[in-house]
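Q: everything below, folded, please.
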Amino acid sequence: MKRLLTFALCFAIYAPLAMGQTVEKKSIQGLDATGDDFVYFNLTSGEIIAKEAAAFGGWDIAFQGTNIQVNGEAQFVDSKYDELVEAPADGFLAEESGPVTLPSGGTDGWFNYDFNSHVISPIANRLIVVKTKGGQYAKLEILDYYKVTFGDNGPAPAPRYYTFKYALQTAKGRSLIN
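A: Next comes the predicted model:
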């Protein structure tokens with residue numbers, strides 16, 4: 001009986017803490033960023049937000065060509081996706097007056113550009129860690145910048161179509177795993 005009481009007491013104390021550390025994982029294929037305007041995306045809903053609604057702040061990350069903005073704070077972390085289990089405590093880029101614009105190409109950005117083939121390739125193991133306006137943390141890995149289209153000459157890559165995966169902490173905490 002004493003063991004049962006001890007178990008029940010431990011469960012009552014620790015279960016809510018464990019349940020509060022919920023992480024949602026999602027994958028997005030071919031998000032179309034071919035237009036002149038940013039495409040606004042809400043990490044919680046996993047949906048694109050209309051430009052008019054984005055003016056009210058209901059978005060977390062936005063894409064336009066190779067440009068990425070975050071509505072909150074963000075930083076790049078060099079890590080394998082599955083190995084980043086907790087968001088950093090500090091080091092985030094932040095703007096008081098608007099969204100954070102992330103560096104794009106080169107060693108400070110999210111992609112490499114091949115001048116010979118003119119191909120943009122996401123930097124392997126370069127994650128974007130976001131702290132949303134609501135205080136949630138997410139890790140995001142861009143997997144591809146192209147989608148395959150089929151035309152008269154067969155399959156061809158079309159740029160500005162983002163494929164990425166992310167994990168979003170749905171409670172208040174920095175843990176990025178369940």
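Q: assign a three-state SS to the spatially most central residue of the chain, would you?
A: Centroid-nearest residue in the chain: Leu140, 3.0 Å away (criterion: Cα atoms, centre = their mean). What DSSP: H, G, I helix; E, B strand; the rest coil gives for Leu140 is strand.
Q: for it, which non-adjacent residue is spatially closest?
A: Nearest-residue entry for Leu140: Tyr166, 4.1 Å, with adjacent residues in sequence omitted and distances by Cβ to Cβ, 6 or more residues apart in numbering. Where you see a C-beta, it was placed from the backbone N, CA and C, and this is true even at glycine.
Q: next: Leu143.
A: Leu143 sits nearest to Thr163 (Cβ to Cβ, 6+ apart), 4.7 Å away.
Q: and what of Gly135?
A: That would be Lys172: by Cβ to Cβ, 6+ apart, it lies 5.8 Å from Gly135.
Q: ok, now how distant is the one you found from Tyr161?
A: Distance of Lys172 to Tyr161, computed by Cβ to Cβ, to the nearest Å: 33 Å.
Q: same check, this time on Pro99
A: Taken as Cβ to Cβ, the span from Pro99 to Tyr161 is 22 Å.
Q: and the strands in the chain, which stretches?
A: 23-32, 39-42, 47-49, 61-64, 67-70, 72-78, 93-94, 100-101, 111-114, 119-122, 126-132, 137-151, 154-169 (DSSP state E).
Q: export those strands as TSV, with columns for distance to Ala87 and mean pLDDT.
A: Formatted as TSV, those follow (distance: least, Cβ to Cβ, whole Å; pLDDT from 0 to 100):
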stretch	distance to Ala87	mean pLDDT
strand 23-32	11	97
strand 39-42	18	98
strand 47-49	23	97
strand 61-64	15	98
strand 67-70	13	98
strand 72-78	8	97
strand 93-94	14	94
strand 100-101	15	96
strand 111-114	22	95
strand 119-122	20	96
strand 126-132	5	97
strand 137-151	4	95
strand 154-169	7	95
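Q: right, I'll call it a day here.
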